[in-house]
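Trainee: Task: produce atomic coordinates for the following.
(one chain, ligands or ions: 1)
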Amino acid sequence: MSAADAVTDSLKRMRAEFGDVPGGRPADYIPQLGLADPDAFGLALVSMDGHRYSAGEAEVPFTIQSVSKPFIYALALSVLGLDEVSRWVGAEPSGDAFNAISLEPGTGRPANAMVNAGAIVTTALIPDAPDEPAFERILHCLGRFAGRELDVDEEVFTSEAMTGDRNRALAYLIRATGTMPVDPVLAVDRYFRQCAVRVTALDLATMAATLAYGGVNPVTREQVVPAEVAARVLAVMATCGMYDGSGEWLLRIGLPAKSGVSGGLIAVGPARFGLATYSPPLDTSGNSVRGQAALRALSERYGLHLMLNPALPGSTVSLVTTADDLPSAPSAEHERVLHEQVGVVAAQGAIDFTAAERVLYALDESGPDGGSVVLDLHDVTVVDSVALSMLHIGLGRLSADGRRAAVVDPRGLLGPTETARKGTGQDLPRYATREAAVEGCAKALAGED
Ligand SMILES: NC(=O)CC[C@H](N)C(=O)O
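Mentor: Presented below is the predicted three-dimensional model:
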């Protein structure tokens, strides 16, 4: 037993609670999928630290089917860029079933890359690399998202190839509108292979977590796609990932998601977690019945809705002071200066745009006008590039207003002094400890007095 088993326990509870939700049946239009065990039910969660939790049949292999679509869209965006991909595939919810003929009037572009029409085109857009044919590239990309080498279930592939006339027809129709980059037969063959790649719920949760973590696989730590690509894929998943049920899903569950006809389902909590379920019985839209029920309950009970972001007061600035908590000074005069004129702002954790605004506001509130302020970054773990330039500009403005600033920056988070100088127009004194910084400010003030 370990403390983190509490997370596993909640997945197990979901499995017990929703394991016999009735309704739905495994897809059988691909005959091989009809053989799936309808009672298999696996759940998995992967955190941004790469911690993996699972319950039930989370390591039972099944074919990825449409859950591959966001990842191949990610590959296409990384290789070709958004503008080029958008010439071929749109990003509007189709409001139609996954296998609908949803082509944009006028251009003939498929509505989005999450429905079959758009996914077939997206797959067809992936070019051969000098050392890797297109399908190998697709397979490797899926494997990097999953953090292990994946393979193709040849039986499912053959089963779909023999019965997939609707997708073949779709591909021909797209070619007729002029938006199919390769031969339709080749495109569909590659797409069927991609759909037949074998994964487990744990793999899918890792793949979802990679999208959540800005394109970095949190288990292997590999940057699989750039952060901007991951963000765009999540945007399309949020609006189009659940086919004609996408709006309702975003409304109620509030997580970018993608389902597949073999019973896989992923949901992404950006910067928080990747979730996946596997349960073959599907509703009429082609989404896993139990998977949806479990994810809905998880989202509601644990407050995971994307738009539900209660701000955490006190999470960035841990101290704003003008006089308290300062070390005693060697002389009475020194102490007076210290207490009256040196403020301290201590920040903690990761500093992004939102956190930087809090820090800058606290700097203004701290200390008297004309006094000094010490910005203590000792407990700050990371400053992103946006926050970095905000801090430099803010500190520069302080000194332009006649307030002396010093920073406690033992790990050099504000960058080399030269960079800081360029940003702030001043030589910002750096100290290793808060005591030294306060002392330094007080001495400087006393010297000026
Ligand atoms: N929604 C899905 O998972 C569909 C994938 C399946 N291979 C098809 O094209 O029909």
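Trainee: what's the burial count for the nearest residue to V289 once chain neighbours are set aside?
Mentor: Among residues not flanking V289 along the chain, G24 sits closest, at 3.6 Å (CB to CB, 6 or more residues apart in numbering). For glycine as for every other residue, the C-beta is placed from the backbone atoms N, C-alpha and C. Around G24 there are 21 other residues, counting by other CB atoms under 10 Å.
Trainee: buried set for the longest strand belonging to the chain?
Mentor: The strand spanning the most residues in the chain, taking DSSP state E as the definition, is strand 372-383. Across strand 372-383, burial judged by 16 or more other CB atoms under 10 Å covers S372, V373, V374, L375, D376, L377, H378, V380, V383.
Trainee: mind giving me TSV with those residues and columns for distance to T200?
Mentor: Formatted as TSV, these follow (distance: CB to CB, whole Å):
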residue	distance to T200
S372	58
V373	54
V374	52
L375	48
D376	46
L377	42
H378	43
V380	38
V383	38
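Trainee: out of those residues, who's nearest the ligand?
Mentor: V383 (42.0 Å; CB to the nearest ligand atom).
Trainee: And that closest one, how far from Y243?
Mentor: Per CB to CB, to the nearest Å, V383 is found 41 Å from Y243.
Trainee: and the next helix or strand after the longest strand of the chain with strand 372-383, angle?
Mentor: Counting by DSSP states H and E, the element after strand 372-383 in chain order, helix or strand, is helix 385-400. Taking axes from the mean of the first three to the mean of the last three CA atoms, to 10 degrees, one finds helix 385-400 and strand 372-383 inclined to each other by 170 degrees.
Trainee: can stretch 70-82 be found next to the ligand?
Mentor: No. Stretch 70-82 lies out of reach of the ligand by CB under 6 Å from any ligand atom, never closer than 11.9 Å.
Trainee: What residues sit buried inside that stretch?
Mentor: P70, F71, I72, Y73, A74, L75, A76, L77, S78, V79, L80.
Trainee: Quick check: the gap between the second one and L363.
Mentor: Look at F71 and L363: by CB to CB, they are 43 Å apart.
Trainee: do the same with the fifth one
Mentor: When distances are taken as CB to CB, A74 and L363 turn out to be 40 Å apart.
Trainee: Now tell me which helix or strand of the chain has the poorest mean pLDDT.
Mentor: helix 417-424 (a mean of 55; mean pLDDT, DSSP states H and E).
Trainee: Give me the next element, helix or strand, following it.
Mentor: strand 430-431.
Trainee: what about the strands in this protein?
Mentor: 42-47, 52-56, 62-63, 198-199, 257-259, 264-269, 273-278, 317-321, 342-351, 372-383, 404-408, 430-431.
Trainee: okay, those in a markdown table with mean pLDDT and distance to the ligand next?
Mentor: Output for these, formatted as a markdown table (pLDDT from 0 to 100; distance: least, CB to the nearest ligand atom, whole Å):
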| stretch | mean pLDDT | distance to the ligand |
| --- | --- | --- |
| strand 42-47 | 98 | 17 |
| strand 52-56 | 98 | 21 |
| strand 62-63 | 98 | 8 |
| strand 198-199 | 98 | 13 |
| strand 257-259 | 97 | 7 |
| strand 264-269 | 98 | 8 |
| strand 273-278 | 98 | 13 |
| strand 317-321 | 84 | 47 |
| strand 342-351 | 93 | 37 |
| strand 372-383 | 94 | 38 |
| strand 404-408 | 91 | 53 |
| strand 430-431 | 92 | 56 |
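Trainee: any chance of those in TSV, plus distance to G164?
Mentor: Below are those laid out as TSV (distance: least, CB to CB, whole Å):
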stretch	distance to G164
strand 42-47	26
strand 52-56	30
strand 62-63	13
strand 198-199	18
strand 257-259	19
strand 264-269	19
strand 273-278	22
strand 317-321	58
strand 342-351	47
strand 372-383	48
strand 404-408	62
strand 430-431	64
